[in-house]
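In: Based on what follows, work out the 3D shape:
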Amino acid sequence: MKLKKVLAVLMASAMIMGMSVTTFAATPEENDSVSVADQILNVDKNATITAYQIIDAEYTEDGFTGYKWVAGDKAGEPVTFTQTEDGTDVVEGLTDSYITSIISEGALGELTSKDARTDNLEAGTWLLIVTGSDLDKVYNPMIISVYYTGSGSAGTINSGTVDAEDNWSLATSGAYAKSSDVPVTKTVDDGDQTGENDQVAVGDQVTFTITSTLPSYSQASTPTFVVQDTIQHGLAYVMEGEGDGAKVKLDSITVGETVVDEKNYILEMTNEDGKAGFKITFDGKYLKSIAGATQNRDLRITYKATVTEDAVTNVGQNDVEIDYEHGSSTTTEYFYTVSVDGVIKKTKEDGTTGLPGATFTLYDDYTDGNSNEKPEADELCGNEITATTTEEGGYDIEFKGLDPDKTYYLTETAAPDGYSINNTVYTITFENLTEAENGTVTYDVLVDGKKITTITYGQESSTENPFVIKNTALSDLPSTGGIGTTIFTIGGCAIMIGAAGMFFVSRRKENK
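Out: Numbering: from 1, shown residues only. Below you'll find the model as predicted:
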């Protein structure tokens, strides 16, 4: 709604919302004032409401004589009124362009100002500006009038003199704050699922999505809208460009269904307190251009980042803060990986003596060519991670930086010298993951559906009863019970040699 229409409504509302304050028996004076606090509705209780006087009442020794402009290019001129069909007096020239000029040209500092919540306001018209650092809304400027009414005026604003003999009073018209919510959310998509506290794996490239709503700024405002994104622990932005000119690669910035042109925002890289980040500052003219109440102003920003090794020991944190005209909104996205560390060990056939040199491979998929419930070693596929047991590592089979959303399959792919491969396939899963907001995460490690231990994120874990994978020495392999093929091979060769010999002997006899 245009400000002019709002003003007309406010003036009209004076007819039914006039608030009688004090009935005077004397001539109206310059210090006559009234409280307007209960006339300002729908404003956050923590907000500061500053009133700037733009129209003032004029007085002579005989009392009130009319109104004059005190701000902008009209300053000093008398206020004139136009009467509507319903008899309401409307101020001529009190338009949104006039209010815009006062705000944009910095004239507010030259005007009389008061706290509209605590101070009484004198007769005239006041511009209300709502501010506060902890607001989650943007408030458009408001207009409120404090005016004289006479006994025969039916509560309407008086554009002429007030007779001291009349039964007159000061009244106000109510001001209603038009505000816009500025929510902010952030989600991460790792290809498996999207959520606000998703889990990832080292090396994954994940997509972050920031969503918000651009406020409905009035033409009288000086809009600002800045999106600040920061990351710490285990993330690296996917960049484009080289050297000092390299910037985060934004997949898209859209408002509603429309892609935002690069000329309507500035993208900068930041680094404060060890937190890498980027900042998007939207152009003020662009913000005003989409202020229509019926326009879809939903903001969506997407970009990619890669999970680094740091995410193995630290809960990653990704923050986004939106700063707008008189407030800010923030949200945080946490992410983390899981590990199999100190819970699966490789031993000799006795189940207690550690065995170094065994190589294991971890897979995250299988082909199921045999249509069996559990995959066999030759069916495993997908991403492959290998680990080899060592004496220094306590003969542990260790895999770090895994995605707990996935099911993994473990099998031995190379045995130590003198030992046979254990080609059993083990299923590894993770359950009962706690949230990461406090920086501490715990989760259960399961092998073939059986819980092995609970691990605390970022800490090495050991258990008194680890899951053991045994290997058998080749010299200890049991006999299969058969005599093998060697004797048959030797016998066959002897028969062939004997037959050949008999053939040549018989030919020699025939020749003689």
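
In: and the longest strand for the protein?
Out: Counting residues, the longest strand found in the chain (DSSP state E) is strand 48-60.

In: What is the subsequent helix or strand relative to it?
Out: Once the chain leaves strand 48-60, the next helix or strand it forms, by DSSP states H and E, is strand 63-69.

In: what helices or strands is that following strand leaning on?
Out: strand 48-60 (3 or more CB pairs under 8 Å, 6 or more residues apart in numbering; DSSP states H and E). Backbone N, C-alpha and C define where each C-beta goes, glycine included.

In: in its sheet, what does the strand it packs on sit against?
Out: Strand 48-60 sits in its sheet next to strand 63-69 (antiparallel), strand 113-115 (antiparallel), strand 124-131 (antiparallel), going by DSSP bridges.

In: Make a markdown table out of the ones you listed and add mean pLDDT.
Out: Converted to a markdown table, these look like this (pLDDT from 0 to 100):
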| stretch | mean pLDDT |
| --- | --- |
| strand 63-69 | 88 |
| strand 113-115 | 94 |
| strand 124-131 | 86 |
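
In: just the ones you listed: most buried one?
Out: Highest mean neighbour count of the strands paired with strand 48-60: strand 124-131, a mean of 22 (counted as mean count of other CB atoms under 10 Å).

In: for the very next helix or strand once past that one, packing partners?
Out: Following strand 124-131 in sequence order, the next helix or strand is strand 137-139 (DSSP H and E). If contacts are counted by 3+ CB pairs under 8 Å, 6+ apart, strand 137-139 sits against strand 179-181.

In: thinking again about what came up before, flag every buried residue along the longest strand of the chain.
Out: Applying a neighbour-count criterion of 16 or more other CB atoms under 10 Å, the buried positions in strand 48-60 are 48-57, 59.

In: Among those residues, which one lies nearest to K470?
Out: T48 (72.8 Å; CB to CB).

In: Quickly list what the closest one is bridged to.
Out: Applying DSSP bridges, one finds that T48 bridges with T131.

In: likewise T388?
Out: T359.

In: now swap in S33 and tell me
Out: Bridge pairing for S33 - DSSP bridges - gives E122.

In: Burial check on it, number of neighbours?
Out: A count of neighbours around S33, defined by other CB atoms under 10 Å, yields 16.

In: Would you check that it makes contact with G124?
Out: No - contact between S33 and G124 fails when scored by CB atoms under 8 Å: they sit 10.1 Å apart.

In: any shared contact partners between these two?
Out: Common neighbours of S33 and G124 (criterion: CB atoms under 8 Å, 6 or more residues apart in numbering): V146.

In: what sits against the nearest residue in space to T456 that is not next to it in sequence?
Out: Among residues not flanking T456 along the chain, T442 sits closest, at 5.3 Å (CB to CB, 6 or more residues apart in numbering). Residues near T442 by CB under 8 Å, 6+ apart: 432-434, 454-457.

In: Show the model's pLDDT score for T442.
Out: T442 carries a pLDDT value of 88.

In: do T211 as well
Out: 93.

In: Can you tell me what sits against the host helix or strand of it?
Out: With secondary structure defined by DSSP H and E, T211 is part of strand 205-213. Strand 205-213 has contacts (CB under 8 Å, 6+ apart) with 180-191, 198, 200, 227, 229, 238, 251, 297-307, 318, 320, 322, 329, 333, 335.

In: same thing with stretch 346-365?
Out: 345, 380-391, 394-395, 397, 399, 402, 406-417, 419, 428, 468-473, 476.

In: Just the buried ones out of those residues, please.
Out: 345, 380, 385, 387-389, 395, 397, 399, 402, 406, 408-413, 415-416, 419, 428, 469-471.

In: coming back round to it: filter the contacts of strand 205-213 down to the buried ones, ChimeraX style.
Out: In ChimeraX, this line selects whichever of those come out buried by 16+ other CB under 10 Å:
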select :180,182,184,186,187,188,190,198,200,227,229,297,299,300,301,302,303,304,305,307,318,320,322,329,333,335
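
In: Which of the contacts of strand 205-213 fall in strands?
Out: 180-181, 184-189, 227, 229, 251, 298-307, 318, 320, 322, 329, 333, 335.

In: Find me the pLDDT at P28, would you?
Out: Taking P28 on its own, its pLDDT is 80.
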